[in-house]
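Visitor: Structure here, sequence nowhere to be found:
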């Protein structure tokens, strides 16, 4: 049973402001989806190892510095080179 | 009341040249804001993390130095939370809840007097960016300025078991960690912000409180003492200690309730799909062991066995790598290890002020190098000057940088042990102090007064042993 | 001569042999785009510099320089793949003004091969969808029937190719997003083995599942583009080491083909008929076809959506509008409020997936959903390995239904998810899969899906080429 309280909390966790009508709508839709995903529970999968991709230690990136030619941050909301963000409190 | 303290120490791998997951420089200090960024560490869409090989090696060395086991493979997890200093709004770190993925586990470090602490794990993770407040404080700033130069810098986090019960021991432990980091060349602890330490404290089996925001190892001891007192006071008044996170207020020297509402954080950890599990294997273990520079404990043993130093003196030297290096350099120039060690540990250190000892840059203000101490030891050994004079010469040398043997020559500070000159000096004193001479003939101890006068007359250059012998001879006759 | 109808191979050879100029070709394409876009709406941005780039290429050729294997070929790039200097919106408000400062590796490789990026093409927002209806730029329409969906999420990639607006395009395939629109638009669409093609520059939706793949009007064109983009990339550690493939068109006799019976269950009878005809065609070409079973397919969708939504919820966390996004100054806001407000501008489907993803990863649920879903992947992979021991390729319909009307499934998310049932297996297991046009039912395209074992693209392409030559299905409608 997925509740509106859960959806509200998840909205907070994901930092997405949800309107009351959205919370209503999502609750029933998401409950259906979760019920579908719950079918995973019915599979007896205790011994199966998940596949993990591997990489050799020798294939990691060498420790060489390199400057990025270009402006990674663009000109959106800047002040004296800093990026301007909302206040903390 | 039983006190339990556990630590979480973060060390920047300042020895690396690039960041943990991209090729931006690791040394960001002094750069213009956001001059040290690229699409990857800025969290731009479409970018992928590329693990730095050297950082993994360094983390492996730290694990070994702390007696940890290194697993066959390591992996990275995402710690998901939102914060303006986090470009991706998740941090790449390591996590052991679903199987060991961090670079070291189950270690133990001895830190003195047979005391040791368990090391729960050593892990690699990335540093976030920096938040700056124009008005100077978080509370009054209307907006926040963000600098991503530091975002992505490699960190090693060391988590200990709650094996400490005395903040003093914590201090000793942290000093040991610092010494190891210096010897490995992995973390330059002198750089501002290169090491941070959080502590977990509980008293009498009560709730655990986490102390954050302690920016220097010296403050850790203070913060822990404050917190322990706070908790013990509460317990004595039957008030329950809440399980919470508190911040160390450096200005007022107290721990405060955390301002930001830190509800139960649900970090939704899961493995980072863009970084495959890295296979280390036995080869990595061997390689890390072989490339590891000499650790402080091994160096101390070598100082004791090769140079014949006492355990105490050896310990003082290795507690600070700069001092140990200085010592070995001096000994290379002139082979008198015990003499040189004593000069460094006792006399030279008296010229280093407390603040420099804290900053761990010992010899920054002094114009002195290993060759000066070697030279000083030489002229004392050769009998050119006596110890008292040598001390005076040292106090000059630290200010001017002149070689001690030069100073001795220039000021005719050479020791007087030539019998003729001594005899002359003693004659003049005996003449001037006839009453004292009569005194000394009856009372041998009074000879010291006469010796004092002889030293004065020769401006300290007389060899006290030879002079006293001669005085006693004269008195006897 | 209608240059815009040429396939990629003919374009490159025509330009290099100077039968016509790149400028002429691009000029015709831009005219074509202008003519049909009101009906198709495949493009988000048309590259303003395309004509200049064509002129530069023509000069290169006149000067006798090496022009590249795809010289002058016009390629559309899905708008979730970064092209330096051109807006990359992912069809979302959250990247409204974003201009990437770097090229995706695949884009760089195409440019190095002489191709011309003709524009950025439409998609479902952040690649989440199967119909290209979840786009801020309006839905893309199926060139075969503009009242119907072209499939998704790479609807723009497939529709632009079918509508002759470009010779080939790049799409991204997370759960079928290249193959589904290819099937609905009668194009060839290929998802490579996971790790064959670099994802550097692909805006992540579900990083353990997705790959960039080519869409073209012929198998030959898809091969040409794949050869240009595939291979190890040091910028993407999930690409396989030491791989530099060179696929070809080859005749292979006696292919052992397995028809997966689970893929035919519950399928629209019109689709099933076309697939059975395809089986006959293959048999007629000397292939050995028999029915096989892939039992764990029943869990595939649940596994796919668990993993995809979990990864998405984390991949999309970075969109807080501070470094890139739309116009809304952070001044005056407390940071939690600002983040929550800006992020309410995701489309509804994206918001829903982020919430579900956060749910399955949240405290206490990791073992129940995410871990189980990962185990299903192992299960499927093992079953496939067994099947590939005795079969060279596995086939089935790409989509269980015919292209449906725009707006038909948009209000029922779960119903929408169920159309992916045949395509997600390849993403979960990493094996390569492609869709080839198999025929029409009532004028609507049907695709045949072909899967091969990991890194066995050549085998899969051989089967596709064989089928294509025999079936000769129409590739572009009258528009």
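Guide: Cool, got the structure. If you're wondering where the values come from, they're calculated on a predicted model, not measured in any experiment.

Visitor: Spit out the contact partners of residue C:19.
Guide: Applying CB atoms under 8 Å, 6 or more residues apart in numbering or on different chains to residue C:19 gives no contacts. Yep, even glycine has a C-beta here, placed from its N, CA and C like the rest.

Visitor: How about residue A:66?
Guide: B:18, B:23, B:24.

Visitor: the helices in the stretch 101-250 of chain B, which residues?
Guide: B:167-184, B:217-236 (DSSP state H, counting those that start in this stretch).

Visitor: Show me the one of the ones you listed that comes nearest residue B:401.
Guide: Closest to residue B:401 of those is helix B:167-184 (CB to CB; 25.3 Å).

Visitor: any idea of the pLDDT on the most centrally placed residue in chain C?
Guide: In chain C, the residue lying closest to the centroid (CA atoms, centre = their mean) is residue C:178, at 2.3 Å. Looking at residue C:178, its pLDDT is 98.

Visitor: Settle this for me: it is touching residue C:191, isn't it.
Guide: Yes: with contact defined as CB atoms under 8 Å, residue C:178 and residue C:191 form a contacting pair (5.4 Å).

Visitor: Give me the contact status of stretch C:455-474 with chain A.
Guide: No: judged by CB under 8 Å from any CB of the partner chain, stretch C:455-474 stays clear of chain A, getting no closer than 13.8 Å.

Visitor: buried stuff in that stretch?
Guide: Neighbour-count burial for stretch C:455-474 flags C:455-468, C:471, C:473 (criterion: 16 or more other CB atoms under 10 Å in any protein chain shown).

Visitor: And the average pLDDT for that stretch is what?
Guide: Mean predicted lDDT for stretch C:455-474 stands at 96.

Visitor: Need the distance between the two termini of stretch B:312-328.
Guide: 17 Å (CA to CA, to the nearest Å).

Visitor: How far does that stretch sit from its chain's centre?
Guide: Taking CA atoms, centre = their mean, to the nearest Å, the mean C-alpha location of stretch B:312-328 is offset from the chain mean by 11 Å.

Visitor: List, one by one, the residues from the stretch 51-200 of chain B near chain C.
Guide: So the stretch 51-200 of chain B meets chain C at B:51, B:78, B:80, B:82, B:84, B:87-90, B:98, B:142-144, B:146 (CB under 8 Å from any CB).

Visitor: what's stretch B:65-75 in contact with?
Guide: Residues contacting stretch B:65-75 (CB under 8 Å, 6+ apart): A:52, A:54, B:56, B:60, B:63-64, B:94, B:100-109, B:119, B:121-122, B:124, B:158, B:180, B:184, B:271-272, B:275, B:277-281, B:284-285, B:288, B:292, B:295.

Visitor: for the stretch 351-479 of chain C, what spans make up the helices?
Guide: Going by DSSP H, counting those that start in this stretch, the stretch 351-479 of chain C shows helices at C:372-390, C:413-417, C:424-429, C:457-471.

Visitor: what do you get for the stretch 151-300 of chain C?
Guide: C:155-162, C:179-184, C:219-229, C:269-284, C:297-315.

Visitor: Now do the last one and helix C:372-390, the angle between them.
Guide: What separates the directions of helix C:297-315 and helix C:372-390 is an angle of 130 degrees, with axes from the mean of the first three to the mean of the last three CA atoms, to 10 degrees.

Visitor: With chain A in mind, check whether helix C:297-315 reaches it.
Guide: Yes: contact of helix C:297-315 with chain A (CB under 8 Å from any CB) involves C:299, C:301, C:302, C:303, C:305, C:306, C:313.

Visitor: Distance to chain B, pLDDT and neighbour count for the residues you listed - can I get that in CSV?
Guide: Listed next are those as CSV, based on distance: CB to the nearest CB, whole Å; pLDDT from 0 to 100; neighbours: other CB atoms under 10 Å in any protein chain shown:
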residue, distance to chain B, pLDDT, neighbour count
C:299, 19, 93, 22
C:301, 20, 95, 22
C:302, 17, 95, 24
C:303, 15, 95, 27
C:305, 15, 95, 26
C:306, 11, 96, 29
C:313, 8, 98, 25
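
Visitor: so which of the buried residues of stretch C:455-474 comes closest to chain A?
Guide: Set against chain A, the nearest of those by CB to the nearest CB is residue C:455 (13.8 Å).

Visitor: For the closest residue to that closest one other than its chain neighbours, grab the count of nearby residues.
Guide: In space, and not counting its chain neighbours, residue C:455 is closest to residue C:193: 5.0 Å by CB to CB, 6 or more residues apart in numbering or on different chains. Residues lying near residue C:193 (other CB atoms under 10 Å in any protein chain shown) number 24.

Visitor: give me phi/psi at residue C:193?
Guide: When read as degrees, to the nearest 10, the backbone of residue C:193 gives phi -60, psi 140.

Visitor: Could you check the pLDDT of it?
Guide: Residue-level pLDDT assigned to residue C:193 equals 98.

Visitor: and what of residue B:418?
Guide: For residue B:418, the predicted pLDDT is 67.

Visitor: tell me which element residue B:378 is part of?
Guide: helix B:370-381 (DSSP states H and E).

Visitor: Tell me the first helix or strand C-terminal of that helix.
Guide: Helix B:370-381 is succeeded, C-terminally, by helix B:387-400 (DSSP H and E).

Visitor: to the chain's geometric centre, what's the distance from that next one?
Guide: Centre-to-centre, helix B:387-400 and its host chain are 27 Å apart (CA atoms, centre = their mean).

Visitor: what angle separates that helix from helix B:370-381?
Guide: For helix B:387-400 against helix B:370-381, the angle by the same axes, to 10 degrees is 160 degrees.
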